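Q: Got a predicted model here, sequence first, then my questions.
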Amino acid sequence: MESHIVDITPENAQTLLIEESLNRPVMVCFWAEWCNSCKSLLPIVERLANEYDGAFLLAKVDAEADRMIAGQFGVQSLPTVMIMKDGQPVDGFPGAQPETEIRKLLE
């Protein structure tokens, strides 16, 4: 696993979502196995994470397995993407978006 793509667990959430966002933007992607639009979104954000080569951290949260984390972020629908900066969510979007929109969000 690349260091710029991580799976979030209750054990590493504080470090990777909050503390890491003080160093670089963290793109948090909430998804679930049953979610078809998640399956189309994940490969796009993973490819962007590799392309940006560590300019941001992609943090994937399985919202089914970690309902508490999804709840703390107020996730209403899947997929949901949030950008964390300086410990706070600063931007994001619900639902799958085309790659061009995700690139605009990153810039």
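A: Here it is on my side, so go on. Numbers count the residues shown, from 1 in each chain.

Q: From here on, just use CA atoms for contacts and neighbour counts.
A: Fine.

Q: what residue is smack in the middle of this protein?
A: Val28 (1.8 Å; C-alpha atoms, centre = their mean).

Q: What residues does that one make contact with?
A: Leu17, Leu58, Ala59, Lys60, Val61, Val81, Met82, Ile83, Met84 (C-alpha atoms under 8 Å, 6 or more residues apart in numbering).

Q: Give me the sheet partners of the strand or helix carrying it and which way each runs.
A: Assigned by DSSP states H and E, Val28 belongs to strand 26-31. Paired neighbours of strand 26-31 in the sheet (DSSP bridges): strand 57-62 (parallel), strand 80-85 (antiparallel).

Q: Distance to Ile5, mean neighbour count and mean pLDDT added to those, as JSON lines?
A: Below are those laid out as JSON lines (distance: least, C-alpha to C-alpha, whole Å; neighbours: other C-alpha atoms under 10 Å; pLDDT from 0 to 100):
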{"stretch": "strand 57-62", "distance to Ile5": "5", "mean neighbour count": "24", "mean pLDDT": "97"}
{"stretch": "strand 80-85", "distance to Ile5": "14", "mean neighbour count": "23", "mean pLDDT": "96"}
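
Q: for these, which one sits closest to Ile8?
A: Proximity to Ile8 (C-alpha to C-alpha) singles out strand 57-62 among the strands paired with strand 26-31, at 5.2 Å.
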